[in-house]
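Asker: dropping the sequence and predicted coords here.
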Amino acid sequence: MDYDAAAVASIRQSTAEDTRALVETLTEAADWVQQLDGTTMWVEGELEEHRVRSEAEAGMFVVAEIDGQVVGAIRFQVEDQLFWPDLDGRDSAFVHRLAVRRANAGQGISTALLQWAVDRARSLGRRYLRLDCDADRPRLRALYERFGFRLHSYRQVGAYYVCRYELPL
């Protein structure tokens, strides 16, 4: 799947200096989802600045920028024992916390970030890109399905009941 490179000036690995923009982007997305359908996102300290900074420093986040401003983010991992403990994940990469600033919604940023993750997973020799999302989020599920992800399974993870998706690479 291609994305409009003109709409997304760059996608790059985040740094600690991106922490504030990452927290703002994730918080804005979480607030929007809460207002939209009452779903609470990322409740277990996932939006705390020190945690986001630590994850950014560890190279887990990728950001999309337009004119030097962070407009979207995604977390990329090469293992995920929390949501995929039943799989030998050596053939997979995983994405979490896809978020786009509301002012930039509908501009292909989600698609660009997902495509970056596909390309990165392929470059690492992975056979699948996998993710999970709240089972009660039909619009988000539709976004992933339009991109090409297929439903793998459902799983209860603590308080979360999630759909697990995979994309063969």
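Answerer: All right, it came through fine.

Asker: and the lowest-mean-pLDDT helix or strand in the chain, which residues are buried?
Answerer: When each helix and strand of the chain is scored by mean pLDDT, DSSP states H and E, helix 19-37 comes last, with a mean of 85. Using 16 or more other Cβ atoms under 10 Å as the test for burial, helix 19-37 gives T19, A21, L22, V23, T25, L26, A29, A30, W32, V33. The C-beta positions use only the backbone N, C-alpha and C, and glycine is treated the same way.

Asker: closest to D132 out of the residues you listed?
Answerer: Nearest to D132, judged by Cβ to Cβ, of the buried residues of helix 19-37 is V33 at 15.1 Å.

Asker: what's the pLDDT at the residue nearest the centre of the chain?
Answerer: Central residue of the chain (Cα atoms, centre = their mean): L98, 2.8 Å from the mean position. Per-residue pLDDT puts L98 at 92.

Asker: which residues of the chain score low on pLDDT?
Answerer: 1-9, 38-45 (pLDDT under 70).

Asker: all strands of it, in order?
Answerer: 10-13, 61-66, 69-77, 92-100, 128-134, 150-157, 160-168 (DSSP state E).
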